[in-house]
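> structure, please.
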Amino acid sequence: MRRQGPRAAGRGAPECAILRVTVLCISHLTWAELGEGLAEKRVLPQERITAALLAADAAPRDQRRRIATEAHIDTLIIETLGAWSAGWRWSTGSGGLVGGWCCPQHSVLRGHEPPDTTSARVLGAVEEWRDVIASLADEFAALAPVEHADVATTVEHAAGSLTAWVVARSEASDAWYQTLTTVLVWYLQAWSLDSAGSRAEILRVVSGRFASWTEPDDTTTRAAGAELGVAVQRQLERPRPDATLAWINARQTAFNADLERYRAPLEPVDGHRRFIEGVERRRDPERAERMLSALAMSRQTATRARSLNWPRLAAWNACLLGLRRSPYREGPGIAKGGRERYSGGQETFRAYLAEANHDHIPWFVRAARVYLDICFFHPFEDGNARTARLALDYVMTRAGLRLGVAEPVFVIARAADDTRGPWRLAWLILNLSVPIADERRVEARP
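Numbering: from 1, shown residues only. Next up, the predicted model:
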């Protein structure tokens, strides 16, 4: 059934088709990360939101000011509540799932409304997004795989039900099928049915079948579900991909494109330390203490202008794991529930690690690259993601910088064969960086 488009609904498409500054794309989050929103008890302080709006209200209420203000509020929310909260402005007007928020022009200091009114709208959108996650959790539970049912049948049934759910929730608005793609990925993750190629398969099946502002007919929905079920089952039956080889191939050209700079108005805080004290301490206080000790070691190495090498990296890994030493892994590495394997020898990895010290390369490229090198070589038996964070922090400390907000960088699962992913990571690191007081960039020495 054809629905009214944005013009017929009284909202001009050109007005809403504006730049949105987004530091954390909701489609990059995993279902496990979203699940933290259901257990999250922290309260969003309305006074911080109102203060940001009051500052914006001191200047003319033009479009650029509204865009910057929405981006600032987005950063405050993610910084306070965690990465799961990034969906608060995933508007139904753009195919998303939150009806209480539209866009900067229509939701930030709209007309002559006072800042308190916009602040209340923000808080309402955050709570609505939390309710969306809870509703999705209920849907996924109702669509749990049945014993003895094959994967293809399970996914086919789930795809049909979730298509109807997304259509109803998004009102089949602009690009609603992209939201369906993300929801289907989350469903597969919720029941460990996902693989490295899941998103690509869903996109292949969905593309060209569905249209904006149009509800799909039953025949189209059933055909898409059946094809997707078969595709997912085939993906799960394939051998595990070699993430290291995929990364080596992508690494050569991953950072060739220019980076557009957008400086979000971040507070000069230590986002990495805050992440450890908040997210990690709530999960495991002892693990958080070890990570803080390892972070201090990495920063001491950087401030003493010592180069990053294998012995130092291994010492950081041993510290965060509470071990005496951390050797290079023996044989291929396995991670992500066995869905990904890692080859690559120590000699190649050491050569890549040394490139983190090459100061003629922009610091944000080196930070992103060494982070991904560790993630996709998986040199240690355990703690690779945390060690990657320490190496990234080392590069930033040498540049006299910190991450003002860590969640967008640390909580997103990266794909080795994502050719645009490294560029996006470097962009995030660049734009989430804040200076360290009284600390200057230094050159590394052996």
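> how about E267, what does it touch?
Taking Cβ atoms under 8 Å, 6 or more residues apart in numbering, we find E267 in contact with 404, 434. C-betas here are computed from N, CA, C, even on glycine.
> could you identify the helix or strand that succeeds the least confident helix or strand in the chain by mean pLDDT?
None of the helices or strands of the chain scores lower by mean pLDDT, DSSP states H and E than helix 13-16, at a mean of 34. Using DSSP states H and E, the helix or strand that follows helix 13-16 towards the C-terminus is helix 31-39.
> list the buried residues for that following helix?
Buried residues in helix 31-39, defined by neighbour count with 16 or more other Cβ atoms under 10 Å: 31, 33-37.
> between the residues you listed, which is nearest R110?
Taking Cβ to Cβ as the measure, R110 lies nearest G37 of the buried residues of helix 31-39, at 26.5 Å.
> please report how far the closest one lies from S119.
Distance of G37 to S119, given as Cβ to Cβ, to the nearest Å: 20 Å.
> go on, V205?
Distance from V205 to S119, by Cβ to Cβ: 41 Å.
> H112 too?
15 Å.
> so the two - more neighbours on which side?
Using other Cβ atoms under 10 Å as the criterion, H112 and S119 rank with S119 on top: 21 against 7.
> how far away from the center of its chain is the one helix or strand the more buried one maps to?
Element membership of S119 [criterion: DSSP H and E] is helix 115-142. With Cα atoms, centre = their mean, to the nearest Å as the basis, helix 115-142 stands 19 Å off its chain's centre.
> pretty sure W213 contacts Y177?
No - counting by Cβ atoms under 8 Å, W213 stays clear of Y177, with 11.1 Å between them.
> these two: which is more packed in?
Neighbours were counted for W213 and for Y177 using other Cβ under 10 Å; Y177 has more, 24 against 19.
> give the contact list for the more buried one.
So Y177 contacts 95, 206, 209-212 (Cβ under 8 Å, 6+ apart).
> any idea which of the residues you listed is closest to T303?
For the contacts of Y177, the nearest to T303 is G95 (46.8 Å; Cβ to Cβ).
> ok, now which ones touch S195?
Shown in contact with S195 (Cβ under 8 Å, 6+ apart): 232, 235-236, 238, 339.
> quick one: which of these is most hemmed in?
V232 (27 neighbours).
> now it: closest residue in space that isn't a chain neighbour?
Leaving aside its chain neighbours, V232 sits nearest to V155 (4.8 Å; criterion: Cβ to Cβ, 6 or more residues apart in numbering).
> I would like the residues contacting the strand or helix carrying the one you found, please.
Per DSSP H and E, V155 falls inside helix 151-170. By Cβ under 8 Å, 6+ apart, the residues outside helix 151-170 that reach it are 92, 95-97, 132, 135, 139, 142-143, 145-146, 176, 179-180, 183-184, 187-188, 191, 193, 215-216, 221-222, 224-226, 228-230, 232-233, 236.
> can we see that at 6 Å?
Residues outside helix 151-170 that contact it (Cβ atoms under 6 Å, 6 or more residues apart in numbering) are 92, 95, 97, 139, 143, 145, 176, 179-180, 183, 187, 215, 221, 225-226, 228-230, 232-233.
> list the buried residues of that helix.
151-160, 162-163, 165-167, 169-170.
> ok now it, how far from the chain's centre?
24 Å.
> output that helix as CSV - backbone C-alpha positions only.
Extracted as CSV, the C-alpha positions of helix 151-170 are listed here (Å, rounded to 0.1, in the frame of the first residue of the first chain):
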residue,chain,number,x,y,z
VAL,A,151,18.2,-22.3,10.2
ALA,A,152,16.5,-21.4,6.8
THR,A,153,13.0,-22.0,8.2
THR,A,154,13.7,-20.1,11.4
VAL,A,155,15.1,-17.1,9.5
GLU,A,156,12.4,-17.1,6.9
HIS,A,157,9.7,-17.0,9.6
ALA,A,158,11.5,-14.3,11.6
ALA,A,159,12.1,-12.1,8.5
GLY,A,160,8.4,-12.0,7.7
SER,A,161,7.4,-11.1,11.3
LEU,A,162,10.1,-8.4,11.7
THR,A,163,9.3,-6.9,8.3
ALA,A,164,5.7,-6.3,9.5
TRP,A,165,7.1,-4.9,12.8
VAL,A,166,9.4,-2.4,11.1
VAL,A,167,6.8,-1.3,8.6
ALA,A,168,4.3,-0.6,11.5
ARG,A,169,6.9,1.1,13.7
SER,A,170,8.5,3.2,10.9
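> what's the angle from it to helix 115-142?
160 degrees (axes from the mean of the first three to the mean of the last three Cα atoms, to 10 degrees).
> average pLDDT across the next helix-or-strand element following helix 151-170?
Downstream of helix 151-170, the first helix or strand assigned by DSSP H and E is helix 176-190. Here helix 176-190 scores 94 as its mean pLDDT.
> packing partners of the helix or strand following helix 176-190?
Of the helices and strands lying after helix 176-190 in sequence (DSSP H and E), the nearest is helix 198-206. Here helix 198-206 touches helix 176-190, helix 218-237, going by 3 or more Cβ pairs under 6 Å, 6 or more residues apart in numbering; DSSP states H and E.
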